[in-house]
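Peer 1: the sequence isn't on hand, but the structure is:
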């Protein structure tokens, strides 16, 4: 595995799943194992954030409002995540972009707000199947990156984690190979390097395409893959732990 100065990170996105019993199972499973080699983040649904105790992993939210407070029923303010001891927040996830019509500009605004409040954005980019098929995926991802660069500047990527999601390979029966993942991760790093090569080298880029215990080692061995944003497998404590243990440099 190629060595670099980037510390690996694995984040579990429970999406709209989980319960209080799963919190206990996760905490018990991770309390038995040394995970000091990797940064681990658990992102449960908002109501469960208060159910966690002190652990070796961090907590993250799955979204924030682009408003700081006010009459916005059903939304969650960035300050609320901070008060619940969150250190991270997922922004621009493909499901938010699709289900809630979140534009590149709106996502960029949320990234700016998270940074203002000292939350680390897990900033998601990725292309759907039609964009992959017509060969325009690099341009598509560049537009997602450029919106955030325009909003916060390249220096802010010292405090941003990028997660690449090949939307066309999630829940479709298709699989992105480690080589395909590496190709896009390398493109993302090269795109950042056009602005600042040092920031590009240190920026942590996660892979978010159906990572499992069985493929984590191969995926994480790619030189520009620094960990994973894990969906379904993060709901199984043993599987999630095995993925975290695979993220070694």
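Peer 2: Nice, I can see it. Since this is a predicted model, take the numbers as computed values, not measurements.

Peer 1: need the strands for this protein, in chain order.
Peer 2: For the chain, the strands defined by DSSP state E cover 9-13, 39-43, 58-61, 86-91, 120-125, 161-164, 205-207, 227-230.

Peer 1: what's the fifth one packed up against?
Peer 2: Put plainly, it is strand 120-125. Under the contact definition 3 or more C-beta pairs under 8 Å, 6 or more residues apart in numbering; DSSP states H and E, strand 120-125 sits against strand 86-91, helix 104-116, helix 137-152, strand 161-164. No exception for glycine: its C-beta is placed from N, CA and C like everyone else's.

Peer 1: where does the chain dip in pLDDT?
Peer 2: Along the chain, the model assigns pLDDT under 70 to residues 1-4, 173, 249.

Peer 1: apply 80 and report the result again.
Peer 2: The chain contains residues with pLDDT under 80 at 1-4, 171-175, 248-249.

Peer 1: where along it do the helices fall?
Peer 2: All helices of the chain, identified by DSSP state H, fall at 20-31, 78-83, 94-99, 104-116, 129-133, 137-152, 178-193, 197-202, 216-220, 237-246.

Peer 1: neighbours around the closest residue to residue 18 other than its chain neighbours, how many?
Peer 2: Among residues not flanking residue 18 along the chain, residue 44 sits closest, at 5.4 Å (C-beta to C-beta, 6 or more residues apart in numbering). Counted with other C-beta atoms under 10 Å, the neighbours of residue 44 add up to 26.

Peer 1: hang on, the earlier thing: tell me which of the helices and strands packed on strand 120-125 lies nearest to residue 213.
Peer 2: Closest to residue 213 of those is strand 161-164 (C-beta to C-beta; 18.9 Å).

Peer 1: for that closest one, name the packing helices and strands.
Peer 2: Right, strand 161-164 is packed against strand 9-13, strand 120-125, helix 178-193, strand 205-207 by 3+ C-beta pairs under 8 Å, 6+ apart.
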